[in-house]
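**Student:** Turn this into a model:
(3 chains, ligands or ions: 6)
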Amino acid sequence: MPETVLQVDDLKTYFFTEAGVVRAVDGVSFSLTKGKPLGLVGESGSGKTVTALSVLGVVPRPGKIVSGKILFEGENLLEKTENEMRGFRGKRIGYVSQDPNSSLDPLFTVGNQLSEVVTTHEKMSKEAAREKVVDLLRLVRIAEPETRMRAYPHELSGGMRQRIAIARALASEPDLLIADEPTTNLDVTIQAQVLELLRALQRELDMSLILITHDMGIIAEMAEEVVVLYAGRVAEVARTAEIFAAPRHPYTAALLQAVPRVDRKRPLVPIGGNIPNLITPPSGCRFHPRCAYMIDRCVSEIPPLEAIGGGREVSCHRWKELELRGSS
Amino acid sequence: MEGAGIEGVVLMPATLLEVKDLVKYFPVYERGILIKKKVGDVHAVDGVSFDVAKGETMGLVGESGCGKTTAGKAILDLIPKDSGQVLFEGKDVHETFEHGSNEDRKAMRRGMQMVFQNPYGSLDPRMTVFDIISEAFIIHRHVPKSEWKERVYTLLKLVGLEEYHAERYPHEFSGGQRQRISIARALATEPKFIVADEPVSSLDVSVRAQILTLLQSLQQRETISFLYISHDLSSVRQISQRVIVMYLGKIMEYADVDRIFDHPLNPYTVALLSAVPVPDLERKVNKILLAGDVPSPINPPPGCRFNPRCPYATDICKQAEPPLRQLESDHLVACHHAEKLM
Amino acid sequence: MNSKETQYTRRSAGQWAVAWRRFKKNKAGLAGLAIVASFAVLAIYGLLLDPVPARSFGCLYQGCTNLPPFVDSAHPLGTENSGIDVWNEIIHGSAGDLYVGIGATLISVVIGLLVGAAAGYRSGVSGAVLLGLTQIFFVLPVLVIILLFAKIFLFLVAQGLALSLIVLTLGIFGWPLFAFIARGEILRIRELEFVQAAKSLGASGSRTLFRHIVPNLLSPIIVLSSLAVAANIITEVVISFLGFGDPTTSTWGLIIQEGFDHIDSSWWVAFFPGIAVVICVLGFNLLGDGLSDALNPRLRE
Ligand SMILES: Nc1ncnc2c1ncn2[C@@H]1O[C@H](COP(=O)(O)OP(=O)(O)OP(=O)(O)O)[C@@H](O)[C@H]1O
Ligand SMILES: Nc1ncnc2c1ncn2[C@@H]1O[C@H](COP(=O)(O)OP(=O)(O)O)[C@@H](O)[C@H]1O
Ligand code: SF4
Ligand code: SF4
Ligand SMILES: [Mg+2]
Ligand SMILES: [Mg+2]
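**Tutor:** Ligands and ions are numbered 1, 2, ... in the order given. Predicted coordinates for the structure are as follows:
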């Protein structure tokens, strides 16, 4: 029986802003099986970060988790007190944020910041903490850790800062690591290094991984299962191999056809229109204003997220009849 | 069309832009108590030569900070270059701006435009879209005032926006829409050449394709030449005819698009290409993981600038800078050991 | 395009309209605006409509000198021992103080913008010189110099021009801050890509400056002006209080100084104008804060 590490059930997280209620995450469900890296893919504003922050219980104001369930190793995190949450967040669930520049404090050395994290999780002597920090830096493949410890974040390159952020998330030996677009601001060659590091660490430390990205290429390389988000809802859930071979949701298919590929040139099929505004999202299926297969029912009726067998789920009224092209 | 000569004889496409040995350094200062002391130079662009034909899209790729934007801006003389020469339709660009007649200067500005990397900083927040686009008409007077409105609307349609957008301010648009406004502004002068600096990098994946197809259609329908700058190799492959790969201010490889993507001859290009994730599970390539980061452009490594990270590096790479050599027709490579990759 | 967008109104709000909409939501800023507007109304009333002239000793003859406040409805805030009505002085003083505050600020803004623009736009030797000048002005003990001026140009005082002298001096010594901010902003804006975009369109230097740079410079200058008015009013009070003011023109500083001599017997003479100063300065400060929120382009709706 595969072990379910995290199960998110009908999660709704809204932002109550002056302009109106932003339905950033509006009924998202997925689950993460141990040892199977999960990719959360979607465009900017699709709710990837907010989903991650909801799991960690750190939704910023004016946001609130409105309803849903988040089961982590069987316990519902939404019923925990703030105090109890501290035992999970940063401890059993590590987080690497989108922007390594803002997550590291510019006023302290890398060593300081890491040893602070190390000592909050476990009482230990200064010496022991130092050793642990050196180990962590080694773990994330930073050369000359003893010297690098004394560096301030601004003295390091973007790739190194992101590794420090990963080291910090790993300090407590979490069971689950959520990496939110860890390579978005990095160059491809550095991205390749960081992804390789994450892949290796996940295996070495026997840790579950949720990788958030907008890049289908990264999904192909890193994830075994994929959740495709669109405008705060799940469009499709599948194993990675299946989603590239035969996507079931028109948005997934359109996304695969709209991104250029480095290995060959092929006609691009752009998705028309823009990402909807989540204060007044489109009625029915949120993808309908941009969907090539839209019918009247799509405007009036929200398609449920249906299990279609083989562990796949899709939220489209027409999934049965549509023949969609994959990445080829 | 430009490519067709007299009596059906097809000539080689004419050269529109020629860049010869372009150099641009940025001085780096250390702040003393009273005076600033110069401590070195950022070698942003260090002897770059290439040409762009009429109606061609030239791709310029490289990692962040390798000098792509600097090259683009120096070509248009938006920032002063240190040395080298840029010829646009055979005329020296810098000379024209410094010493040419008013008409010549304006004509040259009209002919070359830029779409900037950052869709947020490149539109004046205090001007409406109409004012932004029609500024070209005010400056160049190539459109009678009575036609401004119509022309602005046509341009907006061309880039996929609507008439009513004309009265809006930039802050009311998404990044993708701003990038379209930026393109419409560049098109307003009816240019022959556009430097498009990472026009899709800050955009959402689904919107990228819209802008890329727009650029492609502009290149084909309006015969505009582009210098398409990007660090995203996939989009470069999609829309360029020829490609330049830059590393720390130098050209590493310069070739026809398919040649460079399918048979790269420079180890850096090979590594760069192998690092790009491909949305396809069937395609498994052996990744060449480059160690370390891009070195500081202030004191680039001697010899081949790529040698500290290059898996093929030998002693000569540390001593002599590899010249840009022609190995096949239309394929120039700067590497001592390029033959090993053939 | 998606159908949502066509529902928007055709003509959208301009930057200033947007700023005003945002300003209206800011309670403190609105309060500041109301306070400032009230003092402006008082000042205009005092200048144009008030039947009782400033510094009128009329009461002296009616025997109502040294009247405490809230006793006589003709003199709601009491009178001074020479019969000057405190409320009437506050009314006339608001004209004097707004003149000092706004007049001096205007002078500072004009000089500051010119100098700052020159320093920011021509960074080079002239830029360095101007910056040096700005920095020297910054560290000068401005108050002492103003007091010195006031003494030296005493003959102007006799002609009733002393208040204008104070305005001029405050204005002349107040510009460095504006120059400094203007220069910094110009250096920042000049590097923004829309300025390069204008250049690549072929825009001339002056077009770039006046069409692109200056409009983007105005917001911080407006905010700073509001704060500078408040600061100038306080300086006026200090100057008068130290006895270097203009004894012939009504200002709050003057009446406070006069009242201070008799603070034991008639506290109200200094107290109420003091309150007026506090409220007015608070008003300009709140207005400044409100403007700064409303005009900050980063806080988009
Ligand atoms: N105004 C400047 N002053 C000093 N250094 C500069 C300046 N502009 C650019 N540089 C430096 O020149 C080098 C090349 O910069 P450039 O902006 O051309 O890079 P790029 O290839 O466009 O990178 P990116 O992909 O990040 O846009 C970098 O090291 C950069 O830090
Ligand atoms: N602090 C906030 N206040 C208001 N809205 C927010 C806030 N944070 C995120 N949102 C909105 O929530 C939606 C999802 O955001 P996010 O999860 O960050 O997207 P992404 O998929 O790019 O990570 C967006 O529409 C965003 O504007
Ligand atoms: S439900 Fe309708 S609109 Fe939505 S994806 Fe399916 S076909 Fe398209
Ligand atoms: S010259 Fe040497 S170091 Fe440079 S790319 Fe070729 S093999 Fe590598
Ligand atoms: Mg995000
Ligand atoms: Mg750039």
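
**Student:** so, in contact with chain C or not, stretch A:31-46?
**Tutor:** No: contact of stretch A:31-46 with chain C (Cβ under 8 Å from any Cβ of the partner chain) is absent, the minimum separation being 14.4 Å. No exception for glycine: its C-beta is placed from N, CA and C like everyone else's.

**Student:** ends of that stretch, how far apart?
**Tutor:** Using Cα to Cα, to the nearest Å, one end of stretch A:31-46 lies 18 Å from the other.

**Student:** what comes up buried for stretch A:54-73?
**Tutor:** A:54-57, A:59, A:63, A:65, A:68, A:70-73 (16 or more other Cβ atoms under 10 Å in any protein chain shown).

**Student:** and it, anywhere near chain C?
**Tutor:** No: figure legend: stretch A:54-73 not in contact with chain C (Cβ under 8 Å from any Cβ); closest approach 14.7 Å.

**Student:** Quick one: residues in contact with that stretch.
**Tutor:** A:4-17, A:24-25, A:27-28, A:50, A:53, A:76-78, A:80, A:82, A:85, A:88-89, A:92-93, A:95, A:175-176, A:178 (Cβ atoms under 8 Å, 6 or more residues apart in numbering or on different chains).

**Student:** burial measure for B:Thr57, as a count.
**Tutor:** Here the number of neighbours of B:Thr57 (other Cβ atoms under 10 Å in any protein chain shown) works out to 26.

**Student:** C:Leu140 too?
**Tutor:** Neighbour tally, C:Leu140, other Cβ under 10 Å: 11.

**Student:** Just give me how far the longest helix belonging to chain C sits from the chain centre.
**Tutor:** For chain C, the helix that runs over the most residues, judged by DSSP state H, is helix C:162-191. Its chain's C-alpha centre and that of helix C:162-191 lie 12 Å apart, by Cα atoms, centre = their mean, to the nearest Å.

**Student:** One more: stretch A:15-23?
**Tutor:** Remark: stretch A:15-23 is offset 23 Å from the chain centroid, using Cα atoms, centre = their mean.

**Student:** name the helices or strands packed onto the host helix or strand of B:Phe226?
**Tutor:** Using DSSP states H and E, B:Phe226 sits within strand B:225-230. Helices and strands touching strand B:225-230, by 3 or more Cβ pairs under 8 Å, 6 or more residues apart in numbering or on different chains; DSSP states H and E, are strand B:15-31, strand B:36-53, strand B:57-61, helix B:68-75, strand B:193-197, helix B:205-221, helix B:233-239.

**Student:** Need those in CSV (columns: mean pLDDT).
**Tutor:** Shown next, in CSV, are these (pLDDT from 0 to 100):
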stretch, mean pLDDT
strand B:15-31, 90
strand B:36-53, 89
strand B:57-61, 97
helix B:68-75, 95
strand B:193-197, 96
helix B:205-221, 87
helix B:233-239, 93
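
**Student:** Which phi and psi values does C:Ala228 adopt?
**Tutor:** The phi/psi pair for C:Ala228 (degrees, to the nearest 10) reads phi -70, psi -40.

**Student:** Quick check: the residue of chain C nearest ligand 6.
**Tutor:** The minimum distance from chain C to ligand 6, using Cβ to the ion, falls at C:Glu193 (10.7 Å).

**Student:** Now do that residue, the pLDDT please.
**Tutor:** Per-residue pLDDT puts C:Glu193 at 87.

**Student:** these two touch, right, it and B:Phe116?
**Tutor:** Yes: using Cβ atoms under 8 Å, C:Glu193 is in contact with B:Phe116, at 4.4 Å.

**Student:** and the residue of the stretch 101-250 of chain B found nearest ligand 4, what does it touch?
**Tutor:** The stretch 101-250 of chain B approaches ligand 4 most closely through B:Tyr247 (8.6 Å), counting by Cβ to the nearest ligand atom. Taking Cβ under 8 Å, 6+ apart as the criterion, B:Tyr247 is in contact with B:62-63, B:66, B:268, B:294, B:305-306.

**Student:** Just read off the phi/psi values of C:Pro76.
**Tutor:** Note on C:Pro76: its backbone torsions stand at phi -60, psi -30 [degrees, to the nearest 10].

**Student:** For it, which non-adjacent residue is spatially closest?
**Tutor:** Distance criterion Cβ to Cβ, 6 or more residues apart in numbering or on different chains; nearest residue to C:Pro76, sequence neighbours excluded, is C:Trp87 at 5.3 Å.

**Student:** Got the confidence number for that neighbour?
**Tutor:** With respect to pLDDT, C:Trp87 scores 85.

**Student:** Now do the same contact list for it.
**Tutor:** By Cβ under 8 Å, 6+ apart, the contact list for C:Trp87 reads C:75-77, C:272.

**Student:** So among these, which ones count as buried?
**Tutor:** The neighbour-count test (16+ other Cβ under 10 Å) marks C:75, C:77, C:272 as buried among the contacts of C:Trp87.

**Student:** shouldn't A:Pro106 be in contact with A:His154?
**Tutor:** Yes: applying Cβ under 8 Å as the test, A:Pro106 and A:His154 come out as touching, 6.0 Å apart.

**Student:** ok, now how distant is the nearest residue to the residue of chain C closest to ligand 6 once chain neighbours are set aside from B:Val115?
**Tutor:** Sequence neighbours aside, B:Ser122 is the residue nearest to C:Glu193 in space, at 3.9 Å (criterion: Cβ to Cβ, 6+ apart). Noted for B:Ser122: a distance of 8 Å to B:Val115, by Cβ to Cβ, to the nearest Å.

**Student:** now B:Ala71
**Tutor:** Relative to B:Val115, and taking Cβ to Cβ, B:Ala71 is found at 15 Å.

**Student:** which stretches of the stretch 51-200 of chain C aren't confidently modelled?
**Tutor:** Scanning the stretch 51-200 of chain C with the threshold set as pLDDT under 70 gives C:54-63, C:123-127, C:154-161.

**Student:** quick one: contacts for the closest residue to ligand 3 within it?
**Tutor:** Closest residue of the stretch 51-200 of chain C to ligand 3, Cβ to the nearest ligand atom: C:Glu193 (38.0 Å). Applying Cβ under 8 Å, 6+ apart to C:Glu193 gives the contacts B:116-118, B:121-122.

**Student:** Tell me the buried residues within these.
**Tutor:** Buried members of those, counted by 16+ other Cβ under 10 Å: B:116-118, B:121-122.

**Student:** count of neighbours near the closest residue to C:Gly274 other than its chain neighbours?
**Tutor:** With Cβ to Cβ, 6+ apart as the criterion, C:Gly274 has its nearest non-adjacent residue at 5.7 Å, and that residue is C:Ile256. C:Ile256 has 25 neighbours, counted by other Cβ under 10 Å.

**Student:** helix or strand for C:Ile256, which one?
**Tutor:** Going by DSSP H and E, C:Ile256 is in helix C:252-260.

**Student:** After that helix, which helix or strand is next? Please name it.
**Tutor:** As assigned by DSSP H and E, the chain's next helix or strand after helix C:252-260 is helix C:268-295.

**Student:** For that next one, the averaged confidence score.
**Tutor:** Averaged over helix C:268-295, pLDDT sits at 88.

**Student:** roughly how far out does that helix sit from the chain middle?
**Tutor:** From the chain centre to the centre of helix C:268-295 is a distance of 10 Å (Cα atoms, centre = their mean).

**Student:** gap between the residue of the stretch 101-250 of chain B closest to ligand 4 and ligand 1?
**Tutor:** 10 Å (Cβ to the nearest ligand atom, to the nearest Å).
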